[in-house]
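Undergrad: everything below, folded, please.
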Amino acid sequence: MKKVYLILTTVLILFNSSLIAQNDNIILKKLDCVKQGKIIDPAFAWVINNKQEKISYNQFKGKWLLIDFWSTGCVPCIKEFPALANFYERNKTKIEVIAVSVDKDFKRYKRSAAKYNIKVPHFYAGFTYNNYIFNLNVKVLKTREGAFKFNTLTPQYVLINPLGKIIDKDIPKPSSSDFKTKLDLYLNEK
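TA: As a prediction, this is how the structure comes out:
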């Protein structure tokens, strides 16, 4: 009986490992679509507003777009909100700026957005790998055992051009002097 149990356990572990590897490959393919230099496919890119309505990326296409990825527990994210709002006020004719929460829970996002009184348009990413906007913030880490781990890392600032091309996934924080310099360089490019 122990032998049968051991065999069944081994089969289940192998089957489960196979499913995990398959799922990892699907996620990796989705993340490959949002590498720097790629064009965002609007069919798979959206955000959710505070009324829980899905807003297509098409609403932002045709303009420069700076996405501020943040989460509730991220103190550096929250500290950058005033500098981001200041930049947005001075430049909203040239660039759209949105703050996108990568929290796991919509209600948590909504409470935090109200608490911190975010002064730029803000949204929720939906916490799903089926959303290319969410995937822009996902980092792939490999464990010592060779498995993949997928993490969101905040704060992160991503710049997308009017054609939907991902220009830079590592814009400096808004309070830094490098932020304005880098954005001016991109926005004034011909």
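Undergrad: just want to check the distance between the spatially most central residue of the chain and Asn117.
TA: The centroid of the chain falls nearest to Asn137 when counting by CA atoms, centre = their mean (3.0 Å). For Asn137, the distance to Asn117 equals 22 Å [CB to CB, to the nearest Å]. From N, CA and C alone the C-beta is placed, and that goes for glycine too.
Undergrad: could you do Leu187 as well?
TA: Leu187 sits at a distance of 27 Å from Asn117 (criterion: CB to CB).
Undergrad: please apply the same query to Ile133.
TA: Counting by CB to CB, the gap between Ile133 and Asn117 amounts to 23 Å.
Undergrad: for those two, indicate the residue with more neighbours.
TA: Ile133 (27 against 9; other CB atoms under 10 Å).
Undergrad: list the residues that contact the more buried one.
TA: When the contact criterion is CB atoms under 8 Å, 6 or more residues apart in numbering, the partners of Ile133 are Ile40, Ala45, Trp46, Val47, Tyr57, Ile67, Val100, Ala125, Gly126.
Undergrad: work out for me the element it sits within.
TA: Secondary structure here is read from DSSP states H and E; on that basis Ile133 sits in helix 132-135.
Undergrad: any chance you could map the strands in this protein?
TA: Using DSSP state E, the strands of the chain run over residues 46-48, 54-56, 64-70, 95-101, 122-124, 138-142, 148-152, 156-160, 166-168.
Undergrad: thought Thr152 was touching Val138, still the case?
TA: Yes - in terms of CB atoms under 8 Å, Val138 counts as a neighbour of Thr152; the distance is 6.0 Å.
Undergrad: who has more neighbours out of the two?
TA: Neighbour tally, Val138 and Thr152, criterion other CB under 10 Å: the higher count belongs to Thr152, 21 against 18.
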